[in-house]
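> Sharing a model that was predicted from the sequence below.
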Amino acid sequence: MSASSNPLTSVNGTDLLLWVAVPYICLAVFAVGHVWRYRKDQFGWTSRTSQLLEHRWLRWGSPLFHLGAFAVIAGHVVGLAIPTSWTRAAGISEHAYHTAAVALGSVAGVAMVVGLGMLCARRLLAPRIRTRTSHSDKLLFPLLSATVLLGIAATVVHNIAGGGYDYRSTVSVWFRGLFALQPQPEAITGAPLLFQLHALTACLLFAAWPFTRLVHVWSAPIGYLRRPYLVYRRKAAAVTATHGPHPARAPRKPAARKVTR
């Protein structure tokens with residue numbers, strides 16, 4: 001292939017770095033990092049739950065964040081991986097797709113932001129949680145927050161407050177080109193800045209993924225949903241329920257005496 005026929009030759013070095021080199025490096029770290037983590041740190045392959053230390057914020061923040069995240073991820077898979085021609089062939093017009101995506105995405109995004117905000121506040125305001133926050137969590141929570149907030153900001157500014165932006169003609173084309181080994185950085189260079197920043201922070205999040213608590217996503221999620229609840233009871237409550245408000249003490253056995261003949 002000649003240099004003139006290669007589309008990458010018309011792209012400047014900065015765009016090649018940001019939209020080709022950085023994504024591939026992050027994907028390589030994502031894949032190799034998971035293999036390394038599984039081989040070297042299987043005991044640390046966990047969400048490092050802190051439910052026993054604090055559960056009031058976690059009780060609401062965790063379900064909101066996880067349910068919102070699942071819905072947001074599903075929306076990204078549809079929006080980024082499925083071409084526009086496929087949805088049109090299925091009889092879904094662009095207006096119907098845009099309306100459904102904005103409505104459902106807004107609900108899922110709000111739930112995810114509220115849940116994530118409660119989890120972050122829990123880390124900052126609960127002393128026992130704050131002192132036990134690992135270095136990986138100090139990297140993960142700001143990076144995850146930046147990725148989520150930039151995605152929400154892009155949706156609000158360009159699709160709700162603005163006249164609407166078809167990211168499937170730019171960002172989605174760039175995204176699919178990476179996995180098809182036919183990168184098209186020129187497709188995303190014309191996207192609004194908020195979409196570009198959202199894409200870059202998402203790449204960095206994938207690179208950090210193997211070294212954080214996010215690895216628990218791959219640990220049998222179906223089995224987790226079918227897992228029975230673990231019931232924790234206070235020791236005092238258990239004693240009260242068994243013996244009443246003032247349990248009687250067991251009679252002391254008489255001390256044994258040595259008898260000499």
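Great, that's in hand. Note that the structure is a prediction, hence the values are computed from the model and not measured.
> list the helices and strands the helix or strand hosting F65 packs on?
Taking DSSP states H and E as the criterion, the element that holds F65 is helix 56-76. Where contact means 3 or more Cβ pairs under 8 Å, 6 or more residues apart in numbering; DSSP states H and E, helix 56-76 is packed against helix 94-125. From N, CA and C alone the C-beta is placed, and that goes for glycine too.
> Now find how far off-centre stretch 127-146 is within its chain.
Using Cα atoms, centre = their mean, to the nearest Å, the mean C-alpha position of stretch 127-146 is found 13 Å from that of the whole chain.
> Report the angle between the helix or strand harbouring Q196 and helix 56-76.
According to DSSP H and E, Q196 maps onto helix 193-208. Helix 193-208 and helix 56-76 are oriented at 110 degrees to each other (axes from the mean of the first three to the mean of the last three Cα atoms, to 10 degrees).
> what packs against helix 193-208?
helix 22-40, helix 135-154, helix 171-179, helix 185-189.
> Of all these, which one is nearest L64?
Proximity to L64 (Cβ to Cβ) singles out helix 135-154 among the helices and strands packed on helix 193-208, at 12.4 Å.
> by contact count, what packs against the closest one?
helix 94-125, helix 193-208.
> Give the other helices and strands that the first one contacts.
Yep, that's helix 94-125 we're talking about. For helix 94-125, the helices and strands in contact under the criterion 3+ Cβ pairs under 8 Å, 6+ apart are helix 56-76, helix 84-89, helix 127-131, helix 135-154.
> Just tell me which of those helices ends up closest to Y38.
When those are ranked by distance to Y38, counting by Cβ to Cβ, first place goes to helix 135-154 at 15.8 Å.
> what angle separates that closest one from helix 56-76?
For helix 135-154 against helix 56-76, the angle between stretch directions is 50 degrees (the same axes, to 10 degrees).
> Tabulate the CA atom coordinates of helix 135-154 in PDB.
Coordinates of each C-alpha in helix 135-154 appear next as PDB, following Å, rounded to 0.1, in the frame of the first residue of the first chain:
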ATOM      1  CA  HIS A 135      -4.100   3.700  46.700                       C
ATOM      2  CA  SER A 136      -5.900   2.000  43.800                       C
ATOM      3  CA  ASP A 137      -9.300   3.400  45.100                       C
ATOM      4  CA  LYS A 138      -7.800   6.900  45.300                       C
ATOM      5  CA  LEU A 139      -7.000   6.500  41.600                       C
ATOM      6  CA  LEU A 140     -10.200   4.700  40.600                       C
ATOM      7  CA  PHE A 141     -12.900   6.900  42.100                       C
ATOM      8  CA  PRO A 142     -11.700  10.300  40.600                       C
ATOM      9  CA  LEU A 143     -11.100   8.600  37.200                       C
ATOM     10  CA  LEU A 144     -14.400   6.900  37.200                       C
ATOM     11  CA  SER A 145     -16.200  10.100  38.400                       C
ATOM     12  CA  ALA A 146     -14.500  12.100  35.600                       C
ATOM     13  CA  THR A 147     -15.600   9.600  33.000                       C
ATOM     14  CA  VAL A 148     -19.200   9.500  34.200                       C
ATOM     15  CA  LEU A 149     -19.500  13.300  34.600                       C
ATOM     16  CA  LEU A 150     -18.000  14.000  31.200                       C
ATOM     17  CA  GLY A 151     -20.500  11.500  29.600                       C
ATOM     18  CA  ILE A 152     -23.400  13.200  31.400                       C
ATOM     19  CA  ALA A 153     -22.200  16.600  30.400                       C
ATOM     20  CA  ALA A 154     -21.900  15.700  26.800                       C
END
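> residues in contact with it?
Applying Cβ atoms under 8 Å, 6 or more residues apart in numbering, the contact partners of helix 135-154 are 72, 109, 112-113, 116, 119-120, 123, 192, 194-195, 197-198, 201-202, 204-205, 208, 211-214.
> Please apply the same query to stretch 110-123.
With contacts defined as Cβ under 8 Å, 6+ apart, stretch 110-123 is touched by 54, 57-58, 60-69, 71-72, 129-130, 133, 137, 141, 144-145, 148-149, 152.
> so where is the chain shaky, pLDDT-wise?
Low-confidence regions of the chain, defined by pLDDT under 70, span residues 1-10, 51-54, 220-261.
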